[in-house]
Every structure is written in structure tokens, then in C-alpha cells.
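Engineer: would you be able to build a 3D model of this:
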Amino acid sequence: MKKPKIVGIGELLWDVLPGGRRMGGAPVNFAFYAREGGADAHVVSAVGMDESGTELLDRISRLGIDTSAVERNDHPTSTVEVTLDGAGVPTYRIREEVAWDYIVQTPATDAAVAGADAICWGTLAQRNAVSRDNIAKIIAAAPKTCLRLFDINLRLDYYDETIIRQSLEAADILKLNEDELPVVARYYSLDSDPERAIRQLFERFPLRYVIFTEGGRGSRILSADGETSYLETPRVKVADTVGAGDSFTATFAVSLLKGLPVAECHRRAVEVAAFVCTRQGAITPLPQDR
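Structural biologist: Below is the predicted model of the structure:
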């Protein structure tokens, strides 16, 4: 069976954690866990011409992720200072005017999304108009049959209603958490009840699925045709939660592309995300016997 082709679009960076520097960014986290699930994984982004960018590309390539659509430019490779609270939940200090603020559409990016079965992007890499306009073009260049997944991933104040609306209008799947849904609800005057608010999103935008996560309590996946899956979050010893959401998203997407029922896609996503929470950092190989 042909491997599904999955592409993460957006920011590539170094996460500077209390324990040291690790490669990061939602697109590479998503691509890594998609590959762990059996996909052909690619990333679309930009890094600097500096040594930091060279090392980042080398590390990503060694994971088996295709980096041919990662452009290099004269801006510095991004670093993000990550601090963790007592529960392992991260907060971020994100530098501006970095390489991924200047992502451009090129023949290489078009080749990356050509034949893609799923693409994933968020809001952070759209904070600069250059990347925002080009990311929209790259999304539009993907096949009409491609699953378009918008992991909203709100960070600091690097988003607005226009960014969110344009992405919602392009997406088949929306993923957001308990802190992000109220922001979207304010923009579109949605109901205060999460499930009713999500149903209103289905009425307003061409979404097929919404993934809604509620931290340590649980998560639910709703479909436009009325199906709902709810699972409690497994109780595990949390090292940190960095990358857990990306692993959830990737596992759900790959499982869906394999034709599995939504409830089974959800179960697998929860299982992988729980495992990732027990390890430090965003990138950790999954057990072979899972």
C-alpha cells in the first residue's frame, strides 16, 4: 500500500528548553509523528543561511523527513525560549523577523504539496504578511482531494480574525484547545457551550471535522454529519506537554487517511499524545509494539 504523503507548513526553529536546545516547530513535530505513523513526511518552511539553519536541516533530514521545500534566506534561523510550569505546560518567548517570517512559494514548495494526501498549518507562521500570503498560495496549490488541516495553535498575540477566518475557509479539519475556542467564539459570536459553538462553526465554514482538546480532562472529535467521539485523557506521569498536540494531530490525520473509523483514529491519537507527554521534548520515537 502506498504511503500517504503528508506536509507540515510553517515555522521551523530551535526550542531552547531548561534542559538544552532541541529542534522544534509544529510543522516538523507534525511531520515526524506522521512518519512514525507510516507516512511520507515533508516540511515547507525557511531557515537562515547560518550554521544554526544548516544544523537544523541536518537534524530534520536524519529523522527521514524531506526538507527539499525548506528555503534558505538572509534572516536568522528562529529560536524560541521555552519555560515549563510545574505541570510541564510550556510558555514561549518567540523572536521576530526570523527566516520563517519570509516563507515564499517556489517550484520546490509546489512539488512538496503536489500529490499530498494531507497538509497542516497554523497561525504562528502567518504573523508576517509575506509568509501569510505565500502560505495561502501553497495551500491553494495542493490537490483538491488533499485533506487540509488547520491546527490553530494560537501563540501570544500573533494572530487576528483575518488570519483565522482565511484559514478556516480553506480547511477541512480544525484543531483547537480549551483556551483557543473562546477566542474563536468571540470573533464569531458563538455559543458558550463548546459543542454548540463547534456545531455553529460547521454551519459557517466548510469543515468536515473539529478536534477539540481539553488538556488533562479529555478530548472530543466532532464531524459535520453529527458524529461525536469523546475520550478522557489517560493518567500518565507528565515530563512535559511539548509536541503532544502535534503528535495527536498527525496520528489522527494518518489514521483517517488509512480509512479507519473516527473513533479509532481518535483512540490512536490520544494514545500517542499521552506517550509523548511522558518524554521530554517534542520529538521522541514511538514504541514499536504499540
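
Engineer: hey, C-alpha coordinates of stretch 78-98 in CSV?
Structural biologist: In CSV, the C-alpha atoms belonging to stretch 78-98 read as follows (Å, rounded to 0.1, in the frame of the first residue of the first chain):
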residue,chain,number,x,y,z
SER,A,78,14.5,31.0,14.7
THR,A,79,15.0,30.3,18.4
VAL,A,80,12.2,30.1,20.9
GLU,A,81,12.8,30.2,24.7
VAL,A,82,10.5,27.7,26.4
THR,A,83,9.7,27.7,30.1
LEU,A,84,7.7,24.9,31.8
ASP,A,85,5.4,25.2,34.7
GLY,A,86,5.0,22.6,37.4
ALA,A,87,2.7,20.5,35.3
GLY,A,88,5.1,20.6,32.3
VAL,A,89,3.0,23.0,30.3
PRO,A,90,5.1,25.4,28.2
THR,A,91,5.1,29.1,27.6
TYR,A,92,7.1,30.7,24.8
ARG,A,93,9.2,33.7,24.0
ILE,A,94,9.4,33.9,20.2
ARG,A,95,11.8,36.1,18.3
GLU,A,96,10.6,38.1,15.4
GLU,A,97,12.0,38.9,11.9
VAL,A,98,13.3,35.3,11.6
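
Engineer: and that stretch, which residues are buried?
Structural biologist: Across stretch 78-98, burial judged by 16 or more other Cβ atoms under 10 Å covers 78, 79, 80, 82, 84, 88, 90, 94, 98. Every residue, glycine included, has its C-beta placed from N, CA and C.

Engineer: what do you get for stretch 213-224?
Structural biologist: 213, 214, 219, 220, 221, 222, 224.

Engineer: so where is the stretch 151-290 of the chain shaky, pLDDT-wise?
Structural biologist: Low-confidence segments of the stretch 151-290 of the chain (pLDDT under 70): 289-290.

Engineer: which ones among the buried residues of stretch 213-224 are found in strands?
Structural biologist: When DSSP state E defines the strands, the subset of these inside them is 213, 219, 220, 221, 222.

Engineer: reformat the residues you listed as a markdown table; add distance to residue 37.
Structural biologist: A markdown table is the format used below for those (distance: Cβ to Cβ, whole Å):
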| residue | distance to residue 37 |
| --- | --- |
| 213 | 18 |
| 219 | 18 |
| 220 | 21 |
| 221 | 17 |
| 222 | 22 |
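
Engineer: how about the residues you listed, which pair is most distant?
Structural biologist: With Cβ to Cβ as the measure, no two of those lie farther apart than 213 and 222, at 12.3 Å.

Engineer: off-centre distance for stretch 10-17?
Structural biologist: 13 Å (Cα atoms, centre = their mean, to the nearest Å).

Engineer: what does it contact?
Structural biologist: Stretch 10-17 has contacts (Cβ atoms under 8 Å, 6 or more residues apart in numbering) with 21-28, 43-47, 52, 56, 60, 70, 77-82, 84, 98-100, 103, 121-122, 124-126, 135, 240, 242, 280-282.

Engineer: and the residues you listed, which are buried?
Structural biologist: Buried, going by 16+ other Cβ under 10 Å: 22-28, 43-47, 52, 56, 60, 70, 77-80, 82, 84, 98-100, 103, 121-122, 124-126, 135, 240, 242, 280-282, out of the contacts of stretch 10-17.

Engineer: in helices, which of those residues appear?
Structural biologist: 26, 27, 28, 52, 56, 60, 135 (DSSP state H).

Engineer: need those residues in TSV (columns: distance to residue 175 and pLDDT).
Structural biologist: Listed next are those as TSV, based on distance: Cβ to Cβ, whole Å; pLDDT from 0 to 100:
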residue	distance to residue 175	pLDDT
26	10	94
27	14	96
28	17	96
52	29	95
56	25	96
60	22	97
135	17	98
